[in-house]
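**Q** Any chance you can model this:
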Amino acid sequence: MRRGTGQTDNSGKVIHKEVIQAVFFGVCVLTDLSSLLTKGSASMEQERQLRKLIGLRDWMMAVLAFPVGVFVVTMFWTLYLYDRDLIYPRLLDNFIPQWLNHGMHTTVLPFIIIEMRTTHHRYPSRPCGLLAVCAFAVGYVVWMCWVHSMTGVWVYPLLEHIGPTARILFFFCLMALINVYYVLGEILNNYIWDSSKCILESDKTKTD
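**A** I've put the predicted structure just below:
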């Protein structure tokens, strides 16, 4: 069903971001619980399953949780501060309180940083990681185009105000930016855990 001109449906873009974060943190909790429950008494099969779970957690962190989370926060608040009607029309204030808006578009970043700081995540090789991120970005663009074809409305009001060429450029910039955030996450993860390893080795040397 098509909506009238000027109306914006933001529910879809919110839901898929929240689902990614919810599934990721659910996998994190499941991994931690499995690790605690099998510690010291795990069979070979349990250890194998745990390694698979850890691999899934690390892959989701690298390819989805960090790059998408950072993209959401930076993209949303940059456009919001420039002209909020391009991303989050004032009409939505009547339905979504400010605390919920921050819950969807702000709190994701500190939670992701805390997760990265407290848990070491093994990133895939950079070509594989970037390929997976590109696949997600292409899928996201296809989804936006499909929503527009079905409803006549772009999920981002910004896309209503620019021409077809500018939209294509926007989509390419979106894919490039999310790849940059993937590399940033990889660098940050390596920096955090290389620094932590150096500190531990230094403390061990002093103790000896």
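
**Q** For burial, what's the neighbour tally of residue 78?
**A** 11 (other CB atoms under 10 Å). All C-beta spots, glycine's among them, are computed from the backbone N, C-alpha and C.

**Q** Point to the residue nearest the middle of the protein.
**A** residue 68 (2.6 Å; CA atoms, centre = their mean).

**Q** Please verify my assumption that it contacts residue 178.
**A** Yes. Contact criterion CB atoms under 8 Å: residue 68 and residue 178 qualify, at 7.1 Å.

**Q** Which residues are in contact with each of these two?
**A** Contact criterion CB atoms under 8 Å, 6 or more residues apart in numbering; residues shared by residue 68 and residue 178: residue 136.

**Q** Would you state the helices of the chain in chain order?
**A** 11-38, 44-60, 66-83, 98-105, 108-118, 126-151, 164-207 (DSSP state H).

**Q** Please identify the most buried of the ones you listed.
**A** Comparing the helices of the chain by mean neighbour count (mean count of other CB atoms under 10 Å), helix 66-83 ranks first with a mean of 18.

**Q** low pLDDT regions in the protein?
**A** Applying pLDDT under 70 to the chain flags the ranges 1-17, 40-42, 195-208.

**Q** how near is the residue nearest to residue 105 when sequence neighbours are not counted to residue 127?
**A** Leaving aside its chain neighbours, residue 105 sits nearest to residue 76 (4.5 Å; criterion: CB to CB, 6 or more residues apart in numbering). Noted for residue 76: a distance of 29 Å to residue 127, by CB to CB, to the nearest Å.

**Q** can you check residue 25 too?
**A** Taking CB to CB, one finds residue 25 at 27 Å from residue 127.

**Q** Also residue 149?
**A** According to CB to CB, residue 149 stands 33 Å off from residue 127.

**Q** go on, residue 148?
**A** Residue 148 is 32 Å from residue 127, where distance means CB to CB.

**Q** Repeat that for residue 57.
**A** Taking CB to CB, one finds residue 57 at 21 Å from residue 127.

**Q** Contacts made by stretch 128-146 with the rest, please.
**A** Contacts to stretch 128-146, defined as CB under 8 Å, 6+ apart, come from residues 12, 16, 59, 62-64, 67-68, 123-124, 154-156, 159, 171, 174-175, 178-179, 182-183, 186.

**Q** should've said stretch 104-124
**A** Residues outside stretch 104-124 that contact it (CB under 8 Å, 6+ apart): 14, 17-18, 21, 25, 28, 55, 57-59, 61-63, 65-66, 69-70, 72-73, 76-77, 129, 132, 185-186, 188-190, 192-193.

**Q** about what we covered before: spatially nearest residue to the residue nearest to the centre of the chain, not counting backbone neighbours?
**A** Distances taken as CB to CB, 6+ apart place residue 20 nearest to residue 68, at 5.7 Å, with adjacent residues excluded.
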